[in-house]
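*Asks:* got a sequence here, can you build the structure:
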Amino acid sequence: MEVSSGEEYYIASDNTGTPLAVFSSNGQMIKQVQYTAYGEVYLDSNPEFQLVVGFHGGLYDTLTKLVHFTQRDYDVLAGRWTSPDYASWPKIAKDPAPFNLYMFKNNNPLSDLLDIKNYVTDVKSWLVMFGFQLSNIIPGFPRHTLYFVEPPFELQASKDCENGQLITGVQQAAERHNQAFMALEGRLLNKDPRDRRDKPGHWFGTSTPIIGRGVMLALKEGRVVAAVSSMATDDSRKVSLVLNGAIYLDGTHYTQAGHDCHFFVKVGSADSDLLALGLTNGRKALESGINVTVSGRSRRGATVEFAVPSLTLSVRYGLALDVVDEERVRLLELARQRALAGAWLRERQRAKDGKEGSRLWTEGEKQQLLTAGRVQGYDGYYVLPVEQYPELADSSTNIQFLRQNEMGKR
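*Replies:* Okay, here's the model as predicted:
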């Protein structure tokens, strides 16, 4: 090892590559390190002398106690990898055996087992082991493909990048469709529905679009752009007419009662869109199965809601230019109320089950929880700010209960 000053040091290591001692060029011992079986340093004769090489030859970080290898980090305190080894799934699938994705070298840290691919049985194998490639010396000589040790991760990753082909997402989707259709070619479809569940099928399938066929919706610079083809039905055209040009309220995407809810705003009057829908107030079901609801109609605007079993699209109309900010504030307040109601419900259930709540309630406060569902004098506040984490606005787990005099201690 050579440092930037030009001075050379010699590192003595064990059979696994773990450094045990550092010597100067004069043969004087500079540093001695001793480890536990799983790599934790319990003796360092010279802590001031920084040594980046650590357990099993990895890069050791003295602050985090992690050893960085080519693909993952190893925690010497836990004796485990910090991330799972998903590469072992194919081997386990072929030869099932007890496994642990975080286990370090099969729980044998004292040995360094090499993954031997082939035995040295002929002259060519010996030459390859000593570094002689006849294919590089003799033109036309077949290349030897034997590997005695697994190639390093960096070499494999670089080869994968060089051999890879760049394609667009559309090409990838089309290729998957073609492969799915080709997999069905030449197969006899079983007409017995009882046997279909037992046989592996294909991922390819068709589903009816949410707002009908022949309509494409996209977001461009925060606004909805609707494209309608000739195959679209009248109901789909009505829905696309209402959504076209609407401003999408980013950060107000919630899940309510199993519905994926998205909210939009349109500046202007709602009369023309309501006339196209044929609905001025109340609820109506379109032939395509979409439920349309018009509510909150006044001089300031109206709200049109499209609902299907798994999705809800809400469009708020307003004449004022600040309708976007008003609608965002209103949605955040509704989200806070849902989060607060869910937090109180959870506290009441935990008190009913005799479990500890989010804070230590007194016996009198527990009785209030069981009878009234909340405790007087307490209010719910966000743990994480919704301005930074808008997706947690309606999460009951993001609520903490505090008294008014405890606000300054947050």
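*Asks:* so Y317 is in which element?
*Replies:* strand 311-318 (DSSP states H and E).
*Asks:* next secondary structure after that strand?
*Replies:* From strand 311-318, the next helix or strand downstream (DSSP H and E) is helix 323-352.
*Asks:* would you mark the buried spots in that next one?
*Replies:* Across helix 323-352, burial judged by 16 or more other C-beta atoms under 10 Å covers 323-324, 327-328, 331-332, 335-336, 338-344, 347-348, 350-351. Using the backbone N, CA and C atoms, a C-beta is placed for each residue, glycine as well.
*Asks:* these two touch, right, R237 and V228?
*Replies:* Yes: counting by C-beta atoms under 8 Å, R237 touches V228, with 5.7 Å between them.
*Asks:* domains in the chain, by residue range?
*Replies:* 1-113, 118-185, 215-321, 326-409 (automatic domain parsing).
*Asks:* now those domains as JSON lines including mean pLDDT?
*Replies:* Below are these laid out as JSON lines (pLDDT from 0 to 100):
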{"stretch": "domain 1-113", "mean pLDDT": "87"}
{"stretch": "domain 118-185", "mean pLDDT": "66"}
{"stretch": "domain 215-321", "mean pLDDT": "87"}
{"stretch": "domain 326-409", "mean pLDDT": "87"}
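*Asks:* give me the angle between the helix or strand hosting A226 and strand 311-318.
*Replies:* A226 belongs to strand 223-228 when assigned by DSSP H and E. Here the directions of strand 223-228 and strand 311-318 differ by 120 degrees (axes from the mean of the first three to the mean of the last three C-alpha atoms, to 10 degrees).
*Asks:* output the contacting helices and strands for the helix or strand following strand 223-228.
*Replies:* Remark: after strand 223-228, the chain's next helix or strand is helix 234-243, criterion DSSP H and E. Judged by 3 or more C-beta pairs under 8 Å, 6 or more residues apart in numbering; DSSP states H and E, helix 234-243 is in contact with strand 215-220, strand 223-228, helix 271-277, strand 301-308, strand 311-318.
*Asks:* just checking, what packs against the next helix-or-strand element following helix 234-243?
*Replies:* Downstream of helix 234-243, the first helix or strand assigned by DSSP H and E is strand 247-248. On a contact count with 3+ C-beta pairs under 8 Å, 6+ apart, strand 247-248 meets strand 223-228, strand 259-267.
*Asks:* next, the buried residues of the longest one.
*Replies:* Looking back up the chat, that one is strand 259-267. Counting neighbours by 16+ other C-beta under 10 Å, strand 259-267 gives C261, H262, F263, F264, V265, K266, V267 as buried.
*Asks:* surely the third one touches F306?
*Replies:* Translated: F263. No: applying C-beta under 8 Å as the test, F263 and F306 come out as separate, 11.7 Å apart.
*Asks:* any residues in contact with both of the two?
*Replies:* S314 (C-beta atoms under 8 Å, 6 or more residues apart in numbering).
*Asks:* picking up where we left off before, can you list the helices and strands packed on strand 247-248 in JSON lines and add distance to N405?
*Replies:* Formatted as JSON lines, those follow (distance: least, C-beta to C-beta, whole Å):
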{"stretch": "strand 223-228", "distance to N405": "46"}
{"stretch": "strand 259-267", "distance to N405": "36"}
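*Asks:* out of those, which gets nearest to F104?
*Replies:* strand 259-267 (42.2 Å; C-beta to C-beta).
*Asks:* how far off strand 301-308 does that closest one point, in degrees?
*Replies:* 150 degrees.
*Asks:* tilt between strand 259-267 and helix 234-243?
*Replies:* Put simply, strand 259-267 runs at 60 degrees to helix 234-243, going by the same axes, to 10 degrees.
*Asks:* next one: strand 259-267 to chain centre, how far?
*Replies:* Relative to its parent chain, strand 259-267 has a centroid offset of 25 Å by C-alpha atoms, centre = their mean, to the nearest Å.
*Asks:* one more: stretch 332-346?
*Replies:* 26 Å.
*Asks:* repeat for stretch 76-84
*Replies:* On C-alpha atoms, centre = their mean, the centre of stretch 76-84 falls 21 Å from the chain's centre.
*Asks:* for stretch 252-269, same thing?
*Replies:* 24 Å.
*Asks:* before we move on, what about stretch 318-335?
*Replies:* On the basis of C-alpha atoms, centre = their mean, stretch 318-335 sits 31 Å off its chain's mean C-alpha point.
*Asks:* please apply the same query to stretch 58-68.
*Replies:* Distance of stretch 58-68 from its chain centroid, counting by C-alpha atoms, centre = their mean, is 26 Å.
*Asks:* what about that stretch, start to end distance?
*Replies:* 6 Å (C-alpha to C-alpha, to the nearest Å).
*Asks:* could you do stretch 103-122 as well?
*Replies:* End-to-end distance (C-alpha to C-alpha), stretch 103-122: 37 Å.
*Asks:* which residues are in contact with the closest residue to H259 other than its chain neighbours?
*Replies:* Nearest residue to H259, sequence neighbours excluded (C-beta to C-beta, 6 or more residues apart in numbering): T312, at 4.6 Å. Residues counted as contacts of T312 (C-beta under 8 Å, 6+ apart) are Q256, H259, D260, C261, H262, E305, F306.
*Asks:* perfect, I'm done here.
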